[in-house]
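# Sequence first, then the predicted structure:
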Amino acid sequence: MRAGFDPARMRRPFRSIGIAAEHESPENPDGSEDRVALTPGGVAALVAHGCRVSVERGAGAGTGYPDAAYAAVGARIESRDALYPGKDLVVKLKGPAHHDLARMDPGSSLLCMAHVRSLPQRAAIAGERGVNLIAMELVRECPEFVSDEFLRSRLAARRWFARLPVADPSRLSVAFTGHSLRAFGALQYAARTRPRSLRILQAPPPPGPDTATVGFAELDDMAAQLPAEEVDRERARHRLQAYGRRRIECLHETGRAGARFGIALALRQNPALGTPARIHTAVLGYGNVAFGALDECARHGVAHVEILTKRTTTRPDVCHHLHASDLVINGAEPADRGRTGYVITEADLGGVLRPGTVVVDLVGGCATNRSVVEPLVECTHPGDPYVVREGVFLAAVWGWPLLGFKRESVERYSDQITAVLLHEERLADGLATAPPGVLRAVVAGPMLSLTPSSQQVALSATLGG
């Protein structure tokens, strides 16, 4: 155990909490990340809970929250040098610079987007310093929570498919028309039937024997009319996972920001397109971040979006979709990062992908933590968001919501972090009483010796396994 470490500190609640500002760091080399983890409202909730909260001077300025707003709710304003020492817990959106992390006291804790697969040195420094590093991106629901809205949407899609004259959905070309934020369950259900193709269109396609088309509005009506008893039965049939979705995330806003950027860049580089309606778009994946991209495409009136599922991202099928697209948006998270096959390869540049095509990678990564877009080895940054290779425009911004959804993302993060600290998980009561959904997110520090499950996650993440 590191000298100076007090084991009793591990059993105490977090009473002294620091909210750190963003500075240049391995994740923020150009200083463009200037969001803050908690709004004044979030800090006020911690103060009301009995916590002593310090906010680094200027931490909220980039999102319109002056120091005076934090001081007004009871926070102490401190310098960067004073913020890290003497705190039970430091909260920061992105990981701190390594020298800031080294200032923290042994036995204290840091809650941030740790990304230890991409930056294993951060975990090593935390471990050497005796700081418990809690990765925000690994905090999960425990157990999984499935909303009534999702279940209703999924049930409506199942009912619609059951009415079709074709018994095998894999023979169908399925098209949704219109737009609905309530249709996530229906979209996922359709994608998992492995149809021949899956599209979102503004207008219905010509009818055909192997074409099935339904409006999102029709599915929403079907979902609303389902009896509560049927939803309850579906919930009882649903096999809950031990861990559900991320508790601290901004995936929908990430998808929207990336799609908005891609649409604007496609129009700028291809003036002949004229309007978003003429941008032929392909979206890889059908998870939360991809659904955000689909939302933004619909808001801009993109008339034709191909959703590429596991079936259509295999070669040679995917080459046809890539070649036909003006804008390709990747929202597919590889199951085994760094060891997976690529959907978009180096060889696709200058061949499959036409000059002028825009590729937006919402997942991103780095050399040790690759996404399915092989030409994008490292993430780009808001100040220099894309590179051009063989006439193809490639963007994988680390911090997509900075490009248009900064304030919205800060409010969302603040609400989620506050909930983890004070409500469902009650992390403010300390790591000793934290639930498994938090403990599995501890990726470095003395707490690992007390939580074997976290040890396994930490080692796997650090080694890229």
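Thanks, I have it. Here the structure is a predicted model, which means the values were calculated and not measured. Residues are numbered from 1 along each chain as shown.

# what sits against the one residue sitting closest to the centre of the chain?
Per C-alpha atoms, centre = their mean, the C-alpha nearest to the average position across the chain is that of L251, at 3.6 Å. Counting by C-beta atoms under 8 Å, 6 or more residues apart in numbering, L251 touches 287-289, 292. (Each C-beta comes from the backbone N, C-alpha and C, glycine too.)

# got it, and Y189?
153-154, 157-158, 161.

# filter those residues to the buried ones?
153-154, 157, 161 (16 or more other C-beta atoms under 10 Å).

# Any chance of the residues you listed in JSON lines with secondary structure, pLDDT and distance to V214 as columns?
Formatted as JSON lines, the buried ones among the contacts of Y189 follow (DSSP: H, G, I helix; E, B strand; the rest coil; pLDDT from 0 to 100; distance: C-beta to C-beta, whole Å):
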{"residue": "S153", "secondary structure": "helix", "pLDDT": "98", "distance to V214": "12"}
{"residue": "R154", "secondary structure": "helix", "pLDDT": "97", "distance to V214": "14"}
{"residue": "A157", "secondary structure": "helix", "pLDDT": "97", "distance to V214": "8"}
{"residue": "F161", "secondary structure": "helix", "pLDDT": "95", "distance to V214": "9"}
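
# wait, which of the residues you listed is closest to Y243?
Nearest to Y243, judged by C-beta to C-beta, of the buried ones among the contacts of Y189 is R154 at 20.0 Å.

# In this structure that closest one contacts A190, no?
No: with contact defined as C-beta atoms under 8 Å, R154 does not count as touching A190 (9.7 Å).

# quick one, domains of the chain?
What automatic domain parsing lists as the domains of the chain is 7-142+406-459, 148-402.

# from the chain's centre, how far out does the last one sit?
Spelled out, that is domain 148-402. Centroid separation between domain 148-402 and its chain, computed with C-alpha atoms, centre = their mean, to the nearest Å, is 14 Å.

# The shortest one too?
Chain-centre distance of domain 7-142+406-459: 18 Å, with C-alpha atoms, centre = their mean.

# What average pLDDT does that domain get?
On average, the pLDDT along domain 7-142+406-459 is 92.

# and the closest residue in space to R11 that isn't next to it in sequence, how far is that from R12?
Excluding its sequence neighbours, the residue lying closest to R11 (C-beta to C-beta, 6 or more residues apart in numbering) is A432, at 4.6 Å. Distance from A432 to R12, counting by C-beta to C-beta, to the nearest Å: 8 Å.

# tell me, what's touching these two both at once?
Joint contacts of A432 and R12 (C-beta under 8 Å, 6+ apart) do not exist.

# For burial, what's the neighbour tally of the nearest residue to L349 once chain neighbours are set aside?
Nearest residue to L349 in three dimensions, chain neighbours excluded: E390, at 4.0 Å (C-beta to C-beta, 6+ apart). Residues within reach of E390, counting by other C-beta atoms under 10 Å, total 15.

# my guess is E390 meets R354, correct?
No: E390 lies out of contact with R354 (C-beta under 8 Å); the separation is 10.0 Å.

# can you tell me the helix or strand for V214?
Using DSSP states H and E, V214 maps to strand 211-215.

# Sheet partners, orientation included, of that strand?
Strand 211-215 sits in its sheet next to strand 173-177 (parallel), going by DSSP bridges.

# State the distance from the residue nearest to L349 to P316.
In terms of C-beta to C-beta, E390 sits 20 Å off from P316.
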